[in-house]
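Student: How does the following fold in three dimensions:
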Amino acid sequence: MAFNQMVRMNQGQGETSYARNSSIQSAQQNRMKPLIEAAIVDLCSSINSSTVFPRKMLIADLGCSSGPNALALVSIAVEAIHNHCLQFQQSPPEVCVLLNDLPENDFNAVVKSLVTLRQSNELVVMTSVTPGSFYKRLFTSGSLHLVCSSNSLQWLSKAPEHLTRNQIPAYDIDENARLERLPMVLEAYAQQFRKDFTLFLKLRARELVSGGRMVVSVIGRPSYVIASKFFHLWEIVAQILSVMTSEGVIDKAKFDSFYVPLYGPSCKELREIIQEEGSFSLRVMREHDPTTDYDNTFVTPSRFLNHLRAIFEPIILQHFGEVMDEFVRTAERRWSVEGSMQDECARNPRVMLVASLAKA
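Tutor: Alright, predicted model coming up:
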């Protein structure tokens, strides 16, 4: 297996594109709005107390993706700067908006949106895209004032090394083998997340100005669910693929070497990593049930399947080839009984974790 996986969302404007299947993520971004606004107020207040008033503010969104959500977070920040300057009758700073995602992202659509952002603002807003992994350095030292990231940090830099190096399957068509191996698999994913998120914090600490702020959200595990009982989103995909493997549609060796670099941490895990790394003080940590942001009656199997395809189709195609038609048929059989998909989602709750941090 090639472990250089294609972690990007489905491009374009089609029925299974991320642009058409990201309303849940949009609702989650709205939950970040008050924390971003509060961070801007703090930044402007600290700027005003300094002897030299900086004439610019740099704002970065890491993992911006594409579609209607790509500019949501930076737009909130730009509007907050504008409102603060109006309220206190200050001359607005020049604002530079920096959008980041992996090189495979649909940056053509993002750039078109950036042009609109520049033209629709009273502030002087400069814009740029920065392709690359946020698990590497992206910006110059001490340059950023605010970093935002929504629904991205649950994606790991790679599949857990312990599993790939030792060729240990993350999932198994044999239920007994899967359950026996589950604690080791979960621990491998947890350790990879800890390693990656620690690195992310170190890198951003170097790029932020003194007192710089960061507001991030991650899809994770509810506090009341123990790790061994938490059903990660990638496991739904793995279960569908395991049925296809048992039916001979997918080669078992191919299935055994399939890893999704995705991990949902708990609030406790996030807090511990932030405290142990030491570069940031944790201002706010919130745990929110994302199902309260939408009407469950509208979450039909076909819509949920489109949501899964928008997220996971590129990585499935890269590893297995053209199997999506059979993937869809298998998933439709899985949820053929009315209400079965909704019941499955209800049995496996997830939460949105939002953290506001200040560079120590």
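
Student: and the nearest residue to Leu117 once chain neighbours are set aside, how far is that from Leu114?
Tutor: Spatial nearest neighbour of Leu117, chain neighbours left out: Leu71 (5.6 Å); criterion: CB to CB, 6 or more residues apart in numbering. To be clear about C-beta, it is placed using only N, CA and C from the backbone, and glycine gets the same treatment. Leu71 sits 7 Å away from Leu114, going by CB to CB, to the nearest Å.

Student: who touches both of these two?
Tutor: Shared contacts of Leu71 and Leu114 (CB atoms under 8 Å, 6 or more residues apart in numbering): Leu99.

Student: rewinding a little: can you tell me which residues contact the residue nearest to Leu117?
Tutor: Here Leu71 is in contact with 61, 64, 99, 110, 113-114, 117 (CB under 8 Å, 6+ apart).

Student: at 10 Å instead, please
Tutor: 61, 64, 78, 97, 99, 110, 113-114, 116-117, 127 (CB atoms under 10 Å, 6 or more residues apart in numbering).

Student: Over to Ser302?
Tutor: Ser302 sits next to 15, 328, 331-332, 335, 341 when contact means CB under 10 Å, 6+ apart.

Student: how about the strands of this protein, start to end?
Tutor: For the chain, strands defined by DSSP state E occupy the ranges 56-62, 94-101, 125-131, 144-150, 208-220, 280-288, 351-359.

Student: Of these, give the one that comes closest to Phe197.
Tutor: Comparing the strands of the chain against Phe197 with CB to CB, the closest turns out to be strand 208-220 (8.7 Å).

Student: Which positions in the closest one come out as buried?
Tutor: 208-209, 212-220 (16 or more other CB atoms under 10 Å).

Student: Between those residues, which sits nearest Thr300?
Tutor: Ile219 (20.9 Å).

Student: Could you measure from the residue lying closest to the closest one once chain neighbours are set aside over to Glu94?
Tutor: Once flanking residues are discounted, Ile219 sits nearest to Gln154: 5.2 Å by CB to CB, 6+ apart. Going from Gln154 to Glu94 by CB to CB gives 33 Å.

Student: Likewise for Ser75?
Tutor: Separation of Ser75 from Glu94 (CB to CB): 17 Å.

Student: When these two are compared, which one has more neighbours?
Tutor: Neighbours were counted for Ser75 and for Glu94 using other CB atoms under 10 Å; Ser75 has more, 21 against 13.

Student: What subset of the contacts of Ser302 is buried?
Tutor: The neighbour-count criterion (16+ other CB under 10 Å) marks 328, 331, 335, 341 among the contacts of Ser302 as buried.

Student: which one in those is the model shakiest on?
Tutor: The lowest pLDDT within those belongs to Met341, with 78.

Student: And the closest residue to that one other than its chain neighbours, how far from Arg181?
Tutor: Residue nearest to Met341 in three dimensions, not counting chain neighbours: Trp335, with 4.0 Å by CB to CB, 6+ apart. As judged by CB to CB, Trp335 and Arg181 stand 27 Å apart.

Student: Now for Ser223, how many residues are close by?
Tutor: Neighbourhood size, Ser223 [other CB under 10 Å]: 12.

Student: Then Lys136?
Tutor: Neighbour count of Lys136, defined by other CB under 10 Å: 10.

Student: Relative to Cys345, how far out is it?
Tutor: Lys136 is 35 Å from Cys345, by CB to CB.

Student: Pull the distance from stretch 170-177 to the chain's centre.
Tutor: On the basis of CA atoms, centre = their mean, to the nearest Å, stretch 170-177 sits 27 Å off its chain's mean C-alpha point.

Student: Ends of that stretch, what's the gap?
Tutor: 11 Å (CA to CA, to the nearest Å).

Student: Make 17 the starting number, not 1.
Tutor: Noted, 17 is the first residue going forward, which turns the last one into stretch 186-193.

Student: How about that stretch, which residues are buried there?
Tutor: Under the neighbour-count criterion of 16+ other CB under 10 Å, stretch 186-193 has 186-189 buried.

Student: One more: stretch 91-109?
Tutor: Applying 16+ other CB under 10 Å to stretch 91-109 flags 91-98, 100-101, 108-109 as buried.

Student: next one: stretch 157-164
Tutor: By neighbour count with 16+ other CB under 10 Å, stretch 157-164 contains the buried residues 159-164.

Student: just checking, Ser61 touches Arg229?
Tutor: No: Ser61 is beyond contact range of Arg229, at 11.5 Å (criterion: CB atoms under 10 Å).

Student: shared neighbours of those two, anything?
Tutor: Common neighbours of Ser61 and Arg229, counting by CB under 10 Å, 6+ apart, are absent.

Student: Next one: the residue positioned nearest the centre of the chain from Glu138, what distance?
Tutor: The centroid of the chain falls nearest to Ser168 when counting by CA atoms, centre = their mean (1.7 Å). Distance of Ser168 to Glu138, computed by CB to CB: 30 Å.
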